[in-house]
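[1] What shape does this take:
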Amino acid sequence: MTSSHSTRVAELLAELTEPQREAVLHTDGPLLVIAGPGSGKTRVVTRRAAHLALTAAPARQILAITFTNKAAREMRERIDALSVAEGMTVCTFHALCAKLLRIHHERARVPRNFTIFDRDDRRRLLKQAIEDCQLSTTNWSPASVEGAISTAKNDLRSARAFAPHTRDWREATIARIYERYETLLAENAALDFDDLLMRVALLLRDDEALRDELEDRYRYVLIDEYQDTNAAQYLIARKLVEKRQNLCATGDPDQSIYGWRGANLENILSFEHDFPSTRVVRLEQNYRSTQRILAVADALIAGNRRRKLKALWTQNEEGPWPRVLQYDNSEEEAAGVARDISQRLRGRTAPGGIAVFYRVNSLSRAVEEALLREGIKYQVARGVEFYNRKEVKDVLAYLRVLVNPADEVALFRIINTPARGIGDTTLERLREAAGLEGVTALEFITSDRDFAELGRAAVKVRQFGELLRSLRPAVEQRPATALGEVISRTGLRAMYMQEGDREESERRNLDELINAATLFQADRPEATLIDWLEYAALVSDVDSVEQSGAGVTLMTLHAAKGLEFDVVYIIGLEDGLLPFRRDEFVRGDEEEERRLCFVGMTRARKVLTLSRARQRFVRGSTLATVRSPFLDELPPAAVEWSTPADAAPQRKRADAGRLPEDLDQWTVGTLVRHPVLGLGQVLSLTRGGKRTHVDVQFQSGPKRSWALEFADLVRVDFDEVE
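    Residues are numbered from 1 along each chain as shown. As a prediction, the model looks like this:
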């Protein structure tokens, strides 16, 4: 190693702690980095990638994978700054899979120019599949069927593999819809998000030659947020390192919060079993939060059993006590949070350093209204973001049709946008006529014919076909140029210009779309229109969150992952909201809910406030609430409560919970009393291996489900009831 080389290596290791150095210096063989929140994980991953490029393999043979475009962009920028990353692949799982499927499309049996369908496209196609199966979309909603099919794909069960193993009539019906949906996807030359992962996982499983080729191509694989991998991602990771086992997995079981979308916590918990020669490094020093915030968060997460033990610590300042504020109702909670934020802004806290988190989007309404009353600017990170806006999706649909002529979903989206007088009846006639001739709808529309079968709409359809033919050369242009031409020549810009000031935001969004494409191609000189469309399809909600300082950020706890703020509020700490229950009888994974709360708490750098409302307006009625059991798991002496009376003795852990001494007298129908909800009657009692669960109908109206050990319920004899 030359002196200059040694100097560069020394620079990479500078200012690293001993555990961080150990992770960076490890070269061959499996490595598991258990990285607590705020422990410098990204620094370790980027320095390790750079160190491998300097000492073990060319940068082009190193693959770094993460879960969001935002995280991948940050990782790429940090590695680029170290001047060793030219040729290194840094991307998300979905981007990697899309790239591999285009390169190896023949082996994967997919068209090279496939379109990636987003959720709206998928639901539109599912609706058609349901109707083609002669089923009612009222009884079989696309949203409900979508979840079942997504789960099947994440578990690597294709339509063909799913059908033989259905257990009941419902699953058999979903199998029919699934099969029809796959046929429609093929007809549109399209894949959905789950397909990207499933197709590559199955391809790597079944194609040994490709496995060998890719393992030679990527000699070292680094995967961030390993606790969030699902079955498909797990198989991809295993197969990419099957022979050399040069896999570095970084993550934290305590921050696994995506079980609802297929993430499997066991993937990280069993890593050492999967790779017996694993070296484990624990990053336990937190550089983000104050001592008091960290202590309270660590106390909460200690209640989980399915985890890898680590001792979080920090040298940061002690900081103020985390607070628990209790309000009479949800409107007062929102107003109280807004007033508190207003005071902090007057105290020179930057608005971009403040965030309000909640478990469900519906809780944002009251907070938004309260912030507006206080004159506080804010941004909301929620499901419909820039690339899901109608005007943006319309432009992208034109481009999709030009790139993929089989994309009928995109074609029928734009055929009457701007309005051309082509209605649903014409579309049905068009689809039928194309089917009779055995051609795609686009081939039919762009052909040289008189369209007599379309009646009065023939002229309109012919003009639309001529427009699409004239736009075909745009496919060969740079993305920003193609976008500009499509926006101008299709009449979309003119349509919004005619609308006047009311559509100013839409016009600005079209300009911003061109700006985004310009920035995209500036970093990728060889980028094609297909590359741009792929990028736009894979942008996630979190990628749009900007901590720019312009306003307070409102977001769900799930969206907060990977972010940090000086001041954090978590509202709605009530049983049923956090931990969340879909209804009174369907419990979520309480350990995952506790992890979600832990993630939210550890986003805070300086100030943490938790709040709840004693009453909340739900579905038109004001209901009494029960405070979250997580509040009772916080160390009383480490939290500042609204009033001393609000504090409760710390709840005992699950392995030390106490059942009622008279449990043998409890059964269905037993009367019970709760300190807040009053008199109730036991609907069910389930004795499990670790806990006893009870469902109770209260006289005041609500139904509740608890672990009986912590339910604060007392049995009441019938003769005690007035």
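[2] Could you use CA atoms for every contact and neighbour count after this?
    OK.
[3] could you say which helix or strand contains the residue lying closest to Ser488 once chain neighbours are set aside?
    Among residues not flanking Ser488 along the chain, Ala494 sits closest, at 7.4 Å (C-alpha to C-alpha, 6 or more residues apart in numbering). Assessed by DSSP states H and E, Ala494 sits inside helix 492-498.
[4] Which strands or helices does the next helix or strand after that helix pack on?
    Next along the chain after helix 492-498, taking DSSP H and E as the criterion, comes helix 504-523. Contacts defined by 3 or more C-alpha pairs under 8 Å, 6 or more residues apart in numbering; DSSP states H and E place helix 504-523 against helix 390-403, helix 479-489, helix 492-498.
[5] out of those helices, deepest packed?
    Compared across those, helix 390-403 shows the largest average neighbour count, a mean of 21 (mean count of other C-alpha atoms under 10 Å).
[6] and the next helix or strand after that one, how far from the chain's centre?
    The C-terminal neighbour of helix 390-403 among helices and strands, as given by DSSP H and E, is helix 408-414. Offset of helix 408-414 from its chain centre (C-alpha atoms, centre = their mean, to the nearest Å): 27 Å.
[7] and if you look at stretch 149-161?
    The answer for stretch 149-161 is 19 Å, by C-alpha atoms, centre = their mean.
[8] Mind listing residues that contact that stretch?
    With contacts defined as C-alpha atoms under 8 Å, 6 or more residues apart in numbering, stretch 149-161 is touched by 162, 174-175, 178-179, 182, 194-195, 197-198, 201-202, 230-232, 261-262.
[9] Apply 10 Å and report the result again.
    146-148, 162-163, 174-183, 192-199, 201-202, 230-233, 235, 260-263 (C-alpha atoms under 10 Å, 6 or more residues apart in numbering).
[10] Just the ones in helices from those, please.
    Members of the contacts of stretch 149-161 lying in helices (criterion: DSSP state H): 146-148, 162, 174-183, 193-199, 201-202, 231-233, 235.
[11] still on that earlier bit, can you list contacts of the helix holding Ala494?
    Counting by C-alpha under 10 Å, 6+ apart, 391, 394-395, 417-419, 484, 486-488, 491, 502-507, 510-511 sit against helix 492-498.
[12] Give me the mean pLDDT for it.
    Taken as a whole, helix 492-498 has an average pLDDT of 78.
[13] same deal with stretch 682-691?
    On average, stretch 682-691 scores 70.
[14] Same check on stretch 403-417?
    90.
[15] Then stretch 444-462?
    Averaged over stretch 444-462, pLDDT sits at 82.
[16] Alpha carbons of it, in CSV - could you do that?
    Listed next in CSV are the C-alpha coordinates belonging to stretch 444-462 (Å, rounded to 0.1, in the frame of the first residue of the first chain):
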residue,chain,number,x,y,z
PHE,A,444,-55.6,0.6,-33.5
ILE,A,445,-55.7,4.4,-32.7
THR,A,446,-52.5,5.2,-34.5
SER,A,447,-53.3,3.2,-37.7
ASP,A,448,-54.3,4.8,-41.0
ARG,A,449,-58.1,4.1,-41.1
ASP,A,450,-61.4,5.9,-41.1
PHE,A,451,-62.7,4.6,-37.7
ALA,A,452,-66.2,4.3,-39.1
GLU,A,453,-67.1,1.9,-36.3
LEU,A,454,-66.6,4.8,-33.8
GLY,A,455,-69.4,7.0,-35.2
ARG,A,456,-69.2,10.7,-34.5
ALA,A,457,-66.0,10.3,-32.4
ALA,A,458,-64.0,9.0,-35.4
VAL,A,459,-62.5,12.4,-36.2
LYS,A,460,-61.5,13.0,-32.5
VAL,A,461,-59.8,9.6,-32.3
ARG,A,462,-58.0,10.1,-35.6
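[17] Now, of the ones in helices among the contacts of stretch 149-161, which are buried?
    By neighbour count, with 16 or more other C-alpha atoms under 10 Å, those hold 146, 162, 174-182, 193-199, 201-202, 231-233, 235 as buried.
[18] To what extent is Leu204 buried, counted in neighbours?
    22 (other C-alpha atoms under 10 Å).
[19] ok, it touching Gln233?
    No - with contact defined as C-alpha atoms under 10 Å, Leu204 and Gln233 do not form a contacting pair (11.2 Å).
[20] list the residues that contact both of those two?
    Joint contacts of Leu204 and Gln233 (C-alpha under 10 Å, 6+ apart) are Met198, Lys239.
[21] Quick one: the helices and strands packed on helix 504-523 as JSON lines, columns for distance to Tyr220 too.
    Output for the helices and strands packed on helix 504-523, formatted as JSON lines (distance: least, C-alpha to C-alpha, whole Å):
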{"stretch": "helix 390-403", "distance to Tyr220": "34"}
{"stretch": "helix 479-489", "distance to Tyr220": "32"}
{"stretch": "helix 492-498", "distance to Tyr220": "47"}
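[22] Tell me which of those sits nearest to Val459.
    helix 479-489 (18.4 Å; C-alpha to C-alpha).
[23] Return the alpha-carbon coordinates of the closest one using CSV.
    Provided in CSV are the C-alpha atoms of helix 479-489 (Å, rounded to 0.1, in the frame of the first residue of the first chain):
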residue,chain,number,x,y,z
PRO,A,479,-36.0,13.4,-20.4
ALA,A,480,-36.4,17.1,-19.8
THR,A,481,-36.7,17.9,-23.5
ALA,A,482,-39.3,15.1,-24.0
LEU,A,483,-41.3,16.4,-21.0
GLY,A,484,-41.3,20.0,-22.4
GLU,A,485,-42.5,18.9,-25.8
VAL,A,486,-45.3,16.7,-24.4
ILE,A,487,-46.6,19.3,-22.1
SER,A,488,-46.7,21.9,-24.9
ARG,A,489,-47.9,19.8,-27.8
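[24] Before I go, just wanted to say thanks for your time.
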